[in-house]
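J.: Have a look at this prediction, sequence included:
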Amino acid sequence: MEFALTEEQQELAATVRSLLDKRADARVETYDEALWSTLCEQIGVAALGIPEEYDGAGFSLFESLVVLEEVGRSLVPSPLLSSLVTSEALLAGADEDAKARLLPRIAMGEVAAFVDGDAPVLDGDLATIVVLATDDGLFEVDRAEVDGAEVTWTPSMDQTIRLATVTGGTRTRIGDGPVARARAEQVGAVGCAALAAGLAARALDMTVSYSKERVQFGRQIGSFQALKHRMADMLVLAEMSRSASWAASYAVSTHAEDADELTHVAKAYCSDAIAHLAGETVQLHGGIAITWEHDAHLVFKRAHALGQLFGSAREHRAAVAL
């Protein structure tokens, strides 16, 4: 793979970044429905990786992950990852009738959630489409107001990443559970790596900008050699995170033979890198970074939430070692 985005992919990333810079509010703890609608209607973010025969845009998973990196950079709460995981699970394991019925709804922007056993469900309390994978099959879970599934929001450290428990509800078998689960786990992990790569860029930009503004001992703190070295190390981690994320994203998108291995490497590396970058962001912002009024705490919470979502760094390193 050539480690560079195509001109079209660069334009997609720039368009999403421009919109999020204008409209996103990282301090809102649940997703902005109006912003999500705009992203879906004007850019088609939910439809990018869905084939045209299911009313999608017919691009690849890689383009969706390019957008997800920009979502990570903006810190905005978004149901894109959960809908992306669900659509890929359906493409991998659902029967044709279910694909034809559910994928066009996801492409139009309906929030979808994927349930795997007893684990908390990403965006489960926002989803109108809920899909459950078990060893016995892939099931659509009824979300009807009467006799539908019971969905309960689960408090978390980073409340911009919505988690919920889903119980009960009528279940209709729509496909192969283990196949759908395997794809969902793979896409979820590489999606978290993309979010972490975007967050790494945000942490670096915030820190460098602050170092140019903050004056101590009559000088901008960014002029001190010790801080230059620390920010240079941050740059290396941010760039390596992007490289690892892109490599895994491309492999998963193309169903390459080494997709699993690259996904484990990317999730492990990006999780560790963003944890370190979040700590450096807090420290290099000084006392202001421990206040709720500054966005550094948002970076810190998002970093550690992403480190656990779809597997910890330790779990993914262990998977590579097997």
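T.: Alright, I've got the coordinates.

J.: how about the residue nearest to Val76 when sequence neighbours are not counted, what does it touch?
T.: Of all residues not flanking Val76 in the chain, Ala24 sits nearest, at 3.8 Å (CB to CB, 6 or more residues apart in numbering). In this view, the C-beta of every residue, glycine as well, is placed from N, C-alpha and C. Ala24 makes contacts with 32, 35, 74-76, as judged by CB atoms under 8 Å, 6 or more residues apart in numbering.

J.: From Ala232, how far out is Ala24?
T.: 28 Å (CB to CB, to the nearest Å).

J.: what do you get for Ala189?
T.: 29 Å.

J.: out of these two, which sits in the busier spot?
T.: Ranked by neighbour count (other CB atoms under 10 Å), Ala189 and Ala232 place Ala189 first, with 26 against 9.

J.: For the more buried one, list the residues it contacts.
T.: Per CB under 8 Å, 6+ apart, neighbours of Ala189: 263-264, 266-267, 310-311, 316.

J.: for these, which one is nearest Met108?
T.: Phe310 (25.4 Å; CB to CB).

J.: Using the three-state scheme, assign that closest one.
T.: coil (DSSP: H, G, I helix; E, B strand; the rest coil).

J.: okay, it: pLDDT?
T.: The model reports Phe310 with a pLDDT of 96.

J.: count of neighbours near it?
T.: Neighbours of Phe310 (other CB under 10 Å): 25.

J.: Am I right that it is in contact with Glu185?
T.: Yes. Using CB atoms under 8 Å, Phe310 is in contact with Glu185, at 6.7 Å.

J.: Now secondary structure and distance to Thr254 too, for the contacts of Ala189, in a markdown table please.
T.: Output for the contacts of Ala189, formatted as a markdown table (DSSP: H, G, I helix; E, B strand; the rest coil; distance: CB to CB, whole Å):
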| residue | secondary structure | distance to Thr254 |
| --- | --- | --- |
| Thr263 | helix | 13 |
| His264 | helix | 17 |
| Ala266 | helix | 15 |
| Lys267 | helix | 18 |
| Phe310 | coil | 20 |
| Gly311 | coil | 22 |
| His316 | helix | 20 |
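
J.: possible to save these as CSV with distance to Ala203?
T.: Below are the contacts of Ala189 laid out as CSV (distance: CB to CB, whole Å):
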residue, distance to Ala203
Thr263, 23
His264, 23
Ala266, 18
Lys267, 18
Phe310, 20
Gly311, 22
His316, 21
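
J.: isn't there a strand covering Ala164?
T.: Yes. Counting by three-state DSSP, Ala164 is part of a strand.

J.: Pull up the gap between it and Asp176, please.
T.: Counting by CB to CB, the gap from Ala164 to Asp176 is 25 Å.

J.: just Glu41 next, same as before
T.: 33 Å.

J.: which one of the two has more residues nearby?
T.: Set side by side, Glu41 and Asp176 show more neighbours around Asp176, with 16 against 12, by other CB under 10 Å.

J.: Now do the phi/psi pair for that one.
T.: Asp176 adopts backbone torsions of phi -90, psi 110, taken as degrees, to the nearest 10.

J.: can you give me the helices for this structure?
T.: 7-23, 33-38, 61-74, 80-93, 96-107, 177-213, 225-253, 259-284, 296-308, 313-321 (DSSP state H).

J.: Any stretches of the stretch 101-250 of the chain with poor pLDDT?
T.: 145-147 (pLDDT under 70).

J.: what's around Glu33, how many residues?
T.: Using other CB under 10 Å: Glu33 sits among 12 other residues.
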